[in-house]
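> build the 3D model from these lines:
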Amino acid sequence: MTLSPFSLRSLSLFFSLFSALFSSSAGREVEGGSSELVFLGGASGVFDRETNPAVTVEYRAQRSFARLRPWLAAGWATDGAVFAGGGALRSWTLCEAWSFTAGIGAGRYDRHEGRDLGSHLEFLTYGEIARRVGVGRSVRVRLTHISNGSLGDVNPGTELVAIGYSVALP
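Numbering: from 1, shown residues only. The predicted structure follows:
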């Protein structure tokens, strides 16, 4: 089996984000906090021939397990593609108002008229930079990779770039 440059890039992104989840050297871990709702808008297929506007709503639980916080998300692109899933994330404070978050998870993907990613089961990894803009609020920029991990006959994967706004829940 030979790996294409795209597959190598995908594997590199996945392992970089996965190792960041369990590394303790990426700054001070974000402590405490509350549950959050994150609203994201951007484009899917940013490294593909065709891009489509996409939106995502994500819930991040306050409780952490082994320094990992659970998340649940649902996303939709204008080509009809839908993703719903969940996973774990970890955040680190970079400086006073800035943080970095790495996330990993799995979910169901339905393409409708969207890109064929090769499977309904897809894995998701992301990295994001966020800036606090008030008590319990932040803006963020996220790069996401979705792939079936070669479980399907084809595994093109896709990337999304989004900007977002999060609010702490009471």
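> how about low-confidence regions in the protein?
For the chain, applying pLDDT under 70 flags the ranges 1-32.
> most centrally placed residue in the protein?
Tyr126 (3.4 Å; C-alpha atoms, centre = their mean).
> bridged to that one, which residues?
Gly103, Thr144 (DSSP bridges).
> that one touches Val141, doesn't it?
No. Tyr126 is beyond contact range of Val141, at 10.7 Å (criterion: C-beta atoms under 8 Å). Any C-beta I mention is one placed from the backbone N, CA and C, and that applies to glycine too.
> can you list the strands that the helix or strand encompassing Val38 pairs with?
Take DSSP states H and E as the rule and Val38 turns out to sit in strand 36-44. Strand 36-44 has the following strand partners under DSSP bridges: strand 52-60 (antiparallel), strand 158-168 (antiparallel).
> residues touching the longest one, excluding its own?
Applying C-beta atoms under 8 Å, 6 or more residues apart in numbering, the contact partners of strand 158-168 are 33-48, 54, 56, 60, 115, 117, 128, 130, 135-147.
> same check, this time on the first one
Identification of contacts with strand 52-60 by C-beta under 8 Å, 6+ apart yields 35-45, 69-79, 81, 83, 89, 114, 160, 162, 164, 166.
> all strands of this protein, in order?
Ranges of strands in the chain, per DSSP state E, are 28-29, 36-44, 52-60, 69-77, 82-95, 98-110, 121-134, 137-147, 158-168.
> buried ones among the contacts of strand 158-168?
36, 38, 40, 42, 44-46, 54, 56, 60, 115, 117, 128, 130, 138, 140, 142-147 (16 or more other C-beta atoms under 10 Å).
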